[in-house]
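Enquirer: structural data only, the sequence is not supplied:
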């Protein structure tokens, strides 16, 4: 019920310049013990040149927590969770929803956060639905976690995407925020 209320009353972000790795680490601290108990190894890679970013740290921590929990649920027998944050200079732009090189790009550059796991992947028939409100594949799920994450990211003038290993013959680009 609290997810439904949060979804319907999402407030505009209160932006402050914050360290993105600190926001990610803060969110991760909520699932660190769960990862250990589930046998999930964690690798974090943060670009040391990341500048402070205008973010609502509470809202973004909620996004990351949701992504981490989804990743944990996808790996009930253990696995690897990789969290990466990197800076892209100008000369990159988003084409068809994923970062590519070339074009005029955003002059100030942009930041990409990827959260990947070694779970079984998202079935192709479901992948296009995962950000739709109330869509869930979980018996006790509300279907609001990823939809809420998408709304928060969009209010921060960002984009969120998902790709599944199942859909690719060779390793795909990672999902990005």
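Expert: Looks like it came in fine. As the structure is a prediction and not an experimental result, all values here were calculated from the model. Numbers count the residues shown, from 1 in each chain.

Enquirer: any idea which helix or strand of this protein has the worst average confidence?
Expert: strand 98-101 (a mean of 44; mean pLDDT, DSSP states H and E).

Enquirer: the helix or strand immediately after that one in the chain pairs with which strands?
Expert: As assigned by DSSP states H and E, the chain's next helix or strand after strand 98-101 is strand 110-117. Here strand 110-117 has these sheet partners by DSSP bridges: strand 79-88 (antiparallel).

Enquirer: give me the contacts around the strand it pairs with.
Expert: Strand 79-88 has contacts (C-beta atoms under 8 Å, 6 or more residues apart in numbering) with 20-21, 24, 28, 35, 39-47, 49-51, 68, 71-72, 75, 99, 109-119, 174. For every residue, glycine as well, the C-beta is placed using N, CA and C.

Enquirer: buried by neighbour count: which residues of that strand qualify?
Expert: In terms of neighbour count (16 or more other C-beta atoms under 10 Å), strand 79-88 has its buried residues at 79, 81, 82, 83, 84, 85, 87, 88.

Enquirer: what's the helix or strand for residue 65?
Expert: helix 57-73.

Enquirer: could you measure from residue 83 over to residue 123?
Expert: 24 Å (C-beta to C-beta, to the nearest Å).

Enquirer: need the residues that contact the helix holding residue 65.
Expert: Contacts of helix 57-73 (C-beta under 8 Å, 6+ apart): 13, 16, 18, 20, 22-24, 26-28, 30-31, 34-35, 38, 40, 81, 83, 113, 115-117, 119, 138, 145-146, 148-149, 152-153, 155-156, 160, 177.

Enquirer: show me what contacts residue 152?
Expert: Contacts of residue 152 by C-beta under 8 Å, 6+ apart are 10, 13, 56, 59, 60, 62, 63.

Enquirer: kindly report the same for residue 53.
Expert: With C-beta under 8 Å, 6+ apart, residue 53 has these contacts: 17, 18, 20, 111.

Enquirer: okay, and which of the residues you listed map to helices?
Expert: Counted as lying in helices by DSSP state H, out of those, are residue 20.

Enquirer: just curious, which of the contacts of residue 53 is nearest to residue 164?
Expert: Nearest to residue 164 out of the contacts of residue 53 is residue 111 (C-beta to C-beta; 23.0 Å).
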